[in-house]
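*Asks:* okay, here's the prediction I keep looking at, along with the sequence it came from:
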Amino acid sequence: MIVDMKEISVKKIEDAIASMCRDIAVTASPDIVSAFEKAANAETNEKSKAVLDILIDNARIAKEENIPICQDTGMAIVWIKAGQEVHFTDGLVNEAVNRGVERGYTENYLRASVVDDPLYERKNTKTNTPAVIYTELTEGDRVEIEIMAKGFGSENKSALKMLTPADGEEGVIEFVKDTLLKAGPNACPPFVIGVGIGGTFDSCAVLSKKALLRKLDEHNPDARYAALEEKLLTMANELKIGPMGFHGRTTALAIKVENEPTHIAGMPVAVNVCCHVCRHAKAVIE
Amino acid sequence: MRRLNLPLSEEERMSLKAGDAVLLCGEIYTARDAAHKKMHEALARGEELPFNIENAVIYYVGPTPAHGGLAIGSAGPTTSGRMDPYTPELIELGLRGMIGKGRRNEAVKEAVKKYKAVYFVAVGGAGALLSHSIIKREPVAYEELLAEAVTKLTVKDFPCFVGIDCEGNDIYDLDERVPGRD
Ligand code: SF4
């Protein structure tokens, strides 16, 4: 059988990634900025209100003056969702992704924050590569690229726990609470939190990161999980960690839950803590 | 908001209270993880620190590269706690101010109290805004560390809060003691 393949040059992937790296570093997404404004209006604690006003000003300055929102311009995490009818030309996808990240970071004055060896040498690679790359096959003949630039002040406070089925919803809420309390002021609240439930030890962590790719007002399609997102958000804001940990009302701007099937004996839960600089973008190549 | 000209006298430091909003003016040094490790190793070998630590202020920051003739790129604070293992030793040697974000451990708090130092917190994730208060940046040491190199900054009206004061009061625990906090 001969199937018509759609040819897509990996150069297009490289270009799309380079420009998304620049865009997300300097432009805060409108949903985050309006969440700051909403939080600032509701804030009664003086120091917390001052912090939110600074964050609103910061987003404006970053965009107007082309200065990164935060100096930690993050480690690049890239999802390539390729239609099965796509034939890539002009080289390897992973190399194109890394070239795109390198160009995006070095040509736009973003910070190189990646070290080659995690334990011993810890030498900066100077290009912010390698990126973390996930590939998925989908139907069709287009390629969807999603990218996130993840800061490590918040990544460092993320956690995963292998709960048991008996722990139930309560166990999940407890674990998220525990993780947020440990994150406290260090991880730059107000947070955006990604929660993965199900899968395996490894897939659950990836799921929690994927949850961060959703828009702030985009809920889990399953009403029970959407309700859990609400419960978690209420719990988080009752902790009164608040902006920068000064005890204001807004500890989290949103909490996103993703779920997937798991084993009869287990219930992995991963909590990916993200700061208010929750940077991600999407491009489609046809 | 109170404007503070660096270096601060002991009397001035003692007048600061955790939670005060202040504007810093003067010279500060940048150093974060890798630079602290190098300074610690230099001291262990009996060598000098790359700058005069007497009455100095260190800002925990790894900025983005500057563009278009600016002094510095995005330059907000990094998490201070990672520098805790190295900090008491530096305070003993004369360090009197630190700027970062997040909590410090008990050993740092004790050193702050004992030597009448002060820990300031700046707003994390506000690097573009904070860069406006940095008017000059000069290389000092460890240039191979790139963003982590030690540099000297001249700041003008750099906005931050007193995080831990000379009595050991902590901005993150202040309201906790107020009953009926909403
Ligand atoms: S945790 Fe986020 S906001 Fe804070 S310094 Fe890191 S990237 Fe920036």
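*Replies:* That came through fine. Quick caveat: nothing in here was measured; it's all calculated off a predicted structure.
*Asks:* list the contacts of residue A:237.
*Replies:* Shown in contact with residue A:237 (C-beta atoms under 8 Å, 6 or more residues apart in numbering or on different chains): A:249-252. C-beta coordinates here come from the backbone N, C-alpha and C atoms, glycine included.
*Asks:* again, only using 6 Å
*Replies:* Counting by C-beta atoms under 6 Å, 6 or more residues apart in numbering or on different chains, residue A:237 touches residue A:251.
*Asks:* I'd guess residue B:138 is in a strand, am I close?
*Replies:* Yes. Secondary structure of residue B:138 (DSSP: H, G, I helix; E, B strand; the rest coil): part of a strand.
*Asks:* was I right about it contacting residue B:152?
*Replies:* Yes. Residue B:138 sits in contact with residue B:152 when judged by C-beta atoms under 6 Å, with a separation of 4.7 Å.
*Asks:* of those two, who's got more company?
*Replies:* Between residue B:138 and residue B:152, counted using other C-beta atoms under 10 Å in any protein chain shown, residue B:152 has the larger neighbour count: 16 against 10.
*Asks:* so the more buried one bridges to which residues?
*Replies:* Using DSSP bridges, the bridge partners assigned to residue B:152 are residue B:29, residue B:138.
*Asks:* look at residue 6 and say how many residues are nearby.
*Replies:* If you meant another chain, say so; for now it's chain A. Using other C-beta under 10 Å as the criterion, residue A:6 is surrounded by 14 other residues.
*Asks:* I was after chain B.
*Replies:* Applying other C-beta under 10 Å, we find 18 other residues in the vicinity of residue B:6.
*Asks:* gap between it and residue A:115?
*Replies:* 32 Å (C-beta to C-beta, to the nearest Å).
*Asks:* just residue B:123 next, same as before
*Replies:* Computed with C-beta to C-beta, the distance linking residue B:123 and residue A:115 is 26 Å.
*Asks:* ditto for residue B:157
*Replies:* To residue A:115, residue B:157 is 34 Å away according to C-beta to C-beta.
*Asks:* repeat that for residue B:39.
*Replies:* Remark: distance between residue B:39 and residue A:115 (C-beta to C-beta) = 19 Å.
*Asks:* which of the two has more neighbours?
*Replies:* Neighbours were tallied for residue B:39 and for residue A:115 using other C-beta under 10 Å; the higher tally belongs to residue B:39 (25 against 13).
*Asks:* ok, and the closest non-adjacent residue to the more buried one?
*Replies:* In this structure, residue B:39 finds its nearest non-sequential neighbour in residue B:49, 5.6 Å apart by C-beta to C-beta, 6 or more residues apart in numbering or on different chains.
*Asks:* within range of chain B, give me the residues from chain A.
*Replies:* If contacts are counted using C-beta under 6 Å from any C-beta of the partner chain, the residues of chain A sitting beside chain B are A:51, A:54, A:57-58, A:61-62, A:67-71, A:109-111, A:124, A:153, A:185-186, A:188, A:244-245, A:247, A:275-277.
*Asks:* so which of these belong to strands?
*Replies:* The members of the residues of chain A next to chain B all map outside strands under DSSP state E.
*Asks:* just the buried residues of those residues.
*Replies:* Buried members of these, scored by 16 or more other C-beta atoms under 10 Å in any protein chain shown, are A:51, A:54, A:58, A:61-62, A:67-71, A:109-111, A:124, A:153, A:185-186, A:188, A:244-245, A:247, A:275-277.
*Asks:* in helices only, show me those residues.
*Replies:* For those, membership in helices holds for A:51, A:54, A:58, A:61-62, A:153, with DSSP state H as the criterion.
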